[in-house]
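1. Next come a sequence and a model predicted from it.
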Amino acid sequence: GAGVSQSPRYKVAKRGQDVALRCDPISGHVSLFWYQQALGQGPEFLTYFQNEAQLDKSGLPSDRFFAERPEGSVSTLKIQRTQQEDSAVYLCASSITGPTEAFFGQGTRLTVV
Amino acid sequence: GENVEQHPSTLSVQEGDSAVIKCTYSDSASNYFPWYKQELGKGPQLIIDIRSNVGEKKDQRIAVTLNKTAKHFSLHITETQPEDSAVYFCAASTSGTYKYIFGTGTRLKVLA
């Protein structure tokens, strides 16, 4: 596609609900990243995939967060038993390879009420 | 771990003037430094980047300089226009890792 596509754009979840956020990277991009951006802050790294392999998940804040990219293209970030502190914009980025020249999607704004 | 500091947090300039945003990083092994522009409700957009083997890079009205000794890099925007108004983020990446460490952002306002 022309750019990184994320869905949904907005998600409101009740506390305790599970959510799944989708990312469609740029076609042919090997590397895929998830970041979390709190209001008024810079993005913070969550996890990284190279093709289907999750090479770094050091930024996932708890075991309630899980990401997958089973076929090396589309990725899903899942958050179980959502809590208010999970409210943020979740950004997906992709690059041809590695951390250079990463292109970001528009993000999913998650609000936990 | 790596830490990136960014200044100023807000910057207002008159249309046509120049704007400079500065960042410092802590990890001397950092070797890639992108700059992103983020408009309200949108994802960060890559506007320019620089690698550690280069001291300066320019793309039309935008330039980035890197001082490896001081661990300092800056974004320069000349002849600012109202559409340059946005939040700008610097970031640093270290060889062998896969993450960007972002600065806290600079809200640039270009006054017409």
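-> That came through fine.

2. Can you report phi and psi for the residue of chain B found nearest chain A?
-> Residue nearest to chain A within chain B (C-beta to the nearest C-beta): residue B:102, separated by 3.3 Å. C-beta: built from backbone N, CA, C; applies to glycine. When read as degrees, to the nearest 10, the backbone of residue B:102 gives phi -90, psi 150.

3. looking at it, it is touching residue A:43, isn't it?
-> Yes: using C-beta atoms under 8 Å, residue B:102 is in contact with residue A:43, at 5.3 Å.

4. hang on, the earlier thing: need the contact list for the residue of chain B closest to chain A.
-> Residue B:102 is in contact with A:42, A:43, A:44, B:4, B:36, B:89, B:90, B:91, counting by C-beta atoms under 8 Å, 6 or more residues apart in numbering or on different chains.

5. now, among the residues you listed, which is nearest to residue B:24?
-> residue B:4 (7.3 Å; C-beta to C-beta).

6. host element of the residue of chain A found nearest chain B?
-> Proximity of chain A to chain B (C-beta to the nearest C-beta) peaks at residue A:42, 3.3 Å away. Per DSSP states H and E, residue A:42 falls between elements, in no helix or strand.

7. ok, residue A:49 - contacts?
-> By C-beta under 8 Å, 6+ apart, residue A:49 lies in contact with A:31, A:32, A:33, A:55, A:67, A:69, A:72, A:75.

8. Now which of those would you call buried?
-> Neighbour counting by 16 or more other C-beta atoms under 10 Å in any protein chain shown classes A:31, A:32, A:33, A:67, A:69, A:75 among these as buried.

9. For the last one, give its distance to residue A:102.
-> I take that to be residue A:75. Counting by C-beta to C-beta, to the nearest Å, the gap from residue A:75 to residue A:102 is 14 Å.

10. Please apply the same query to the first one.
-> Look at residue A:31 and residue A:102: by C-beta to C-beta, they are 7 Å apart.
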